[in-house]
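*Asks:* Just the structure for this:
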Amino acid sequence: MRNAWLIPILLFQPSVILAQDVAAGGESPAPPPSYDILRFNENYSSLSNAANRNDWFDPIKYMPLRTNDPNWYLTLGGELRERFEGNHDVNFGIGSGSDSYWLQRATLLADLHLGERVRVFVEGISGLVGGESQPAPAVQKDPVNLQFAFLDVVPYLTDDEKLTLRVGRFGMSFGAGRLVATRAAPNIPFKFDGFEAIYERPLWEATAFVTRPSIESTYHFDTDDDTTAFWGLYLTHWFDAAHKDGLDVYYLGIASQNGQYASGTGDEERHSFGARWFGEKNQWDWNAEAVAQTGSFANESILAWTACLDSGYTWNAPWQPRVGLKAGIASGDHSPTNGPQGTFDALYFKSGYFNDASLIRPQNIIGVHPNIAVNPTRSVSIDGGGDAFWRYSRDDAIYAPPGFIAIPALKTASAYVGTAVDVNLEWRIQRHVSFLASYVHFFSGEYIHAAGGHDVDYVSTTIDFLF
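*Replies:* Numbers count the residues shown, from 1 in each chain. Next up, the predicted model:
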């Protein structure tokens, strides 16, 4: 890609400690904030203390605007990501062949803090594709566009409470990302236009929002999807100060004019009521979630649900091996011609939900995924496993990640879809640079063979520079 020559320079750019500042202040530098998948969640106000400046990029992460008020400052940042994806038989070889291509994502952001109560955030994005043999979707190819632009106003602020009102274009990610997340693997993540209210205190956080999703449009400014409205309330209570153990409860509503399922298409209004319990104790970790959905689709009512568990045990030993199990069920429709619509809708779920290949949308599916992870060094992580899939209902289809039908309902075919084997590597080269690699082989079952499909091989490599 055009900017790939920057990677060798950025890869070896060191972080340096400003020893004179540390000595003068007599303090050890505080750790910098972790990079967040939603960059506007990062806060660099700690850099107002010179003792905390230990990185070459700190001069642009905290640019003071007033000498007598450290809360007036500007933060600049961005990303350059180079990613290769190779697909042998996209969509199980049904209606499309193999395709391999390079993806490039570049972003630039400005985060302006006008005191503690007003903030303006803007982020531009560019997504490019090279080498593809098939037309690239807009979520991959969008040379220049506006990703986020919003205004925050804080009308209520105390020592331990804060209410933020947000208006504009922003991203959202709640809980484990099973229903609302960022779509990080494609070049262009999800974005929403609308309003958000965020209430925070030490052990509580509540977010209410009313939005429309943005439609990705290559070579044109992205606009609202005026056929879809999305709203909700998400509440989190942590049981500990470290925010490792907690409970989420939430309601999400969506109204759409283009709902599409195996039973047909039509106007849809869907209400999701969910809860998530997560925590860590005695080297065990768990993340359990359940959702019930009601509403109306075309001339039918909706009654759908999902339940899932992601749990594991980590040994206090060299390489910190973790053995885990992911298991989940998302309902499908048993009666396409009558009765309630039973297909669960995963809404704006996270990319790579099952594995990096992202072949299946978590709808009408049963999945069991034993897995193992190790950390050979502090900067290298390796994980992998096998994920067996079955259709919940043989009267329903298998859906592709964007939501369209990938394989039609074949009632006479087996419920067994196939088994995906995956292995993944993450190398955190330094604070600003990371390398990811993934391989997935999908062993197709009788159902896919009956539809004319077969096995899939997928590989990806990603190098990411953030500042």
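
*Asks:* Give me the residues contacting the helix or strand residue 268 falls within.
*Replies:* Residue 268 belongs to strand 264-281 when assigned by DSSP states H and E. Residues outside strand 264-281 that contact it (C-beta atoms under 8 Å, 6 or more residues apart in numbering) are 175-176, 179, 232, 239, 244-259, 285-299, 302, 336, 345, 347. Any C-beta I mention is one placed from the backbone N, CA and C, and that applies to glycine too.

*Asks:* out of the residues you listed, which are buried?
*Replies:* Among these, the ones that count as buried by 16 or more other C-beta atoms under 10 Å are 175-176, 179, 232, 245-246, 248, 250, 252, 254-256, 259, 285, 287, 289, 291-293, 295-297, 302, 336, 345, 347.

*Asks:* Now, these that are in strands?
*Replies:* Of the positions in the buried ones among the contacts of strand 264-281, 232, 246, 248, 250, 252, 254-256, 259, 285, 287, 289, 291-293, 295-297, 302 sit in strands, assigned by DSSP state E.

*Asks:* how near is the residue nearest to residue 248 when sequence neighbours are not counted to residue 142?
*Replies:* In this structure, residue 248 finds its nearest non-sequential neighbour in residue 276, 4.1 Å apart by C-beta to C-beta, 6 or more residues apart in numbering. Remark: distance between residue 276 and residue 142 (C-beta to C-beta, to the nearest Å) = 32 Å.

*Asks:* what's the answer for residue 174, then?
*Replies:* 25 Å.

*Asks:* what does residue 45 give?
*Replies:* For residue 45 relative to residue 142 (C-beta to C-beta), the value is 32 Å.

*Asks:* Ok, residue 225 next?
*Replies:* 16 Å.

*Asks:* okay, these two: which has more neighbours?
*Replies:* residue 142 (24 against 19; other C-beta atoms under 10 Å).

*Asks:* Isn't that one up against residue 216?
*Replies:* Yes. Using C-beta atoms under 8 Å, residue 142 is in contact with residue 216, at 6.3 Å.

*Asks:* Residue 300 reaches residue 343, doesn't it?
*Replies:* No. Counting by C-beta under 8 Å, residue 300 stays clear of residue 343, with 10.7 Å between them.

*Asks:* between these two, what contacts are shared?
*Replies:* residue 263.

*Asks:* between those two, which one's more packed in?
*Replies:* Ranked by neighbour count (other C-beta under 10 Å), residue 300 and residue 343 place residue 343 first, with 26 against 21.

*Asks:* give me every residue that touches the more buried one.
*Replies:* Applying C-beta under 8 Å, 6+ apart, the residues contacting residue 343 are 261-263, 304, 331-333, 363-364, 396.

*Asks:* ok, the closest residue to residue 48 other than its chain neighbours - contacts?
*Replies:* Nearest residue to residue 48, sequence neighbours excluded (C-beta to C-beta, 6+ apart): residue 70, at 3.7 Å. Counting by C-beta under 8 Å, 6+ apart, residue 70 makes contact with 45, 48, 64.

*Asks:* got it, and residue 425?
*Replies:* 380-382, 435-438.

*Asks:* what about residue 356, neighbour count?
*Replies:* Residues lying near residue 356 (other C-beta under 10 Å) number 21.

*Asks:* that older thread, mutual contacts of residue 142 and residue 216, please.
*Replies:* Common neighbours of residue 142 and residue 216 (C-beta under 8 Å, 6+ apart) are 188, 222.

*Asks:* what about residue 226, which SS state?
*Replies:* coil (DSSP: H, G, I helix; E, B strand; the rest coil).

*Asks:* correct me, but it touches residue 212?
*Replies:* Yes. Between residue 226 and residue 212 there is a contact at 6.8 Å, judged by C-beta under 8 Å.

*Asks:* Which one of the two is surrounded by more residues?
*Replies:* The neighbour comparison of residue 226 against residue 212 (other C-beta under 10 Å) goes to residue 212, with 17 against 9.

*Asks:* Apart from its chain neighbours, what residue comes closest to residue 324?
*Replies:* Residue 324's closest residue in space is residue 312 (C-beta to C-beta, 6+ apart), at 2.9 Å.

*Asks:* remind me which residues of this structure are low pLDDT?
*Replies:* Along the chain, the parts satisfying pLDDT under 70 run over 1-27.

*Asks:* where exactly do the helices run in it?
*Replies:* In the chain, the segments counted as helices under DSSP state H are 6-11, 19-25, 58-61, 446-450.

*Asks:* Report the distance from the third one to the chain centre.
*Replies:* A distance of 27 Å separates the C-alpha centroid of helix 58-61 from that of its chain, computed with C-alpha atoms, centre = their mean, to the nearest Å.

*Asks:* From the contact counts, what lies against it?
*Replies:* Applying 3 or more C-beta pairs under 8 Å, 6 or more residues apart in numbering; DSSP states H and E, one finds that helix 58-61 contacts strand 72-88.

*Asks:* now the strand it packs on, how far from the chain's geometric center?
*Replies:* So, by C-alpha atoms, centre = their mean, the centroid of strand 72-88 is 14 Å from its chain's centroid.

*Asks:* same thing with stretch 257-276?
*Replies:* The answer for stretch 257-276 is 21 Å, by C-alpha atoms, centre = their mean.

*Asks:* what about dumping the CA coordinates of that stretch to CSV?
*Replies:* Provided in CSV are the C-alpha atoms of stretch 257-276 (Å, rounded to 0.1, in the frame of the first residue of the first chain):
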residue,chain,number,x,y,z
GLN,A,257,-37.7,-1.3,7.2
ASN,A,258,-35.6,-4.0,5.7
GLY,A,259,-35.5,-7.0,8.1
GLN,A,260,-34.3,-10.1,6.2
TYR,A,261,-34.6,-13.7,7.3
ALA,A,262,-35.2,-17.1,5.8
SER,A,263,-39.0,-16.6,6.3
GLY,A,264,-39.0,-13.4,4.2
THR,A,265,-38.4,-9.7,4.5
GLY,A,266,-40.5,-6.9,6.0
ASP,A,267,-40.7,-4.0,8.5
GLU,A,268,-39.4,-5.0,11.9
GLU,A,269,-39.4,-3.6,15.4
ARG,A,270,-37.3,-5.7,17.9
HIS,A,271,-36.7,-5.3,21.6
SER,A,272,-33.7,-7.0,23.3
PHE,A,273,-33.6,-7.5,27.1
GLY,A,274,-30.3,-8.9,28.3
ALA,A,275,-28.0,-9.5,31.3
ARG,A,276,-24.3,-10.3,31.5
